[in-house]
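1. Return atomic coordinates for the entry below.
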Amino acid sequence: MVGVLRDEKAMIVKIGGSVAEKLETVFDALKHAEDVKVIPGGWIFADKVRELRLNDEISHWMAILAMNLYGYYMFQFGKERGFELIEPADFSFFSRKGKFIILPYRLLRNFDELPHSWDVTSDAISVWIASKIGESRVVKITALGGVIKDGSIVEKVGAFEAGDIIDRFTPFLLKKNRIELFICSPEEIKNYILRGRAKGTFVGGD
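-> Next up is the predicted model:
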């Protein structure tokens, strides 16, 4: 159940809506990372899009805009801890070192490569971004803290064995690009950064 921090070009972190009430804890930890790019989930804004039951094409773009909205909300916690709010037009931005909250709508509009379906959420978008910039791991911060089996967080599962803690398209991206997803809780992300080890679940990376 212990994830190990590896020396990478950047730390790609997807922050789910389930931890919206713990963003101070999350950003207090992330401020210790030298190079971190935060990808927001869709939170309550994406939930509202789902409730509208529009077609997949419209829902896809509205849900990505929902990620932008959550990103703006996050910024009130990130700004005080050295984070900038960025809406990149292409992938060249990711070579910049620093602390950033990414608004993904413009990037997805310019590079429209993912299926327009609810099978694709911020999980898949985070892994897709990692694949484009040559990163081999994405960290997902979520309230569950990992994949739970028999009441305990398991150390590692295959890309297609994580269940509904990730979206349906993410396993395909993990396998295709040999990317590893590490899932942990808000309370564990500080251990991941400062101690190099944290309780959570590795998904994929085969």
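
2. Report the distance from the longest helix along the chain to the chain centre.
-> The single longest helix within the chain, with elements called by DSSP state H, is helix 56-78. Helix 56-78 sits 13 Å away from the centroid of its parent chain (Cα atoms, centre = their mean, to the nearest Å).

3. What segments of the protein are helices?
-> Under the criterion DSSP H, the chain contains helices at 23-30, 43-52, 56-78, 105-110, 122-133, 170-177, 189-194.

4. Tabulate those helices (JSON lines), appending distance to residue 161 and mean pLDDT.
-> Bear in mind the C-beta positions are built from the backbone N, C-alpha and C, glycine included. Below are these laid out as JSON lines (distance: least, Cβ to Cβ, whole Å; pLDDT from 0 to 100):
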{"stretch": "helix 23-30", "distance to residue 161": "26", "mean pLDDT": "98"}
{"stretch": "helix 43-52", "distance to residue 161": "25", "mean pLDDT": "98"}
{"stretch": "helix 56-78", "distance to residue 161": "25", "mean pLDDT": "98"}
{"stretch": "helix 105-110", "distance to residue 161": "28", "mean pLDDT": "98"}
{"stretch": "helix 122-133", "distance to residue 161": "15", "mean pLDDT": "98"}
{"stretch": "helix 170-177", "distance to residue 161": "8", "mean pLDDT": "98"}
{"stretch": "helix 189-194", "distance to residue 161": "22", "mean pLDDT": "96"}
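
5. which residues touch the closest residue to residue 62 other than its chain neighbours?
-> Residue nearest to residue 62 in three dimensions, not counting chain neighbours: residue 49, with 4.6 Å by Cβ to Cβ, 6 or more residues apart in numbering. By Cβ atoms under 8 Å, 6 or more residues apart in numbering, the residues touching residue 49 are 42, 59, 62, 63, 66.

6. No further queries at this time; thank you.
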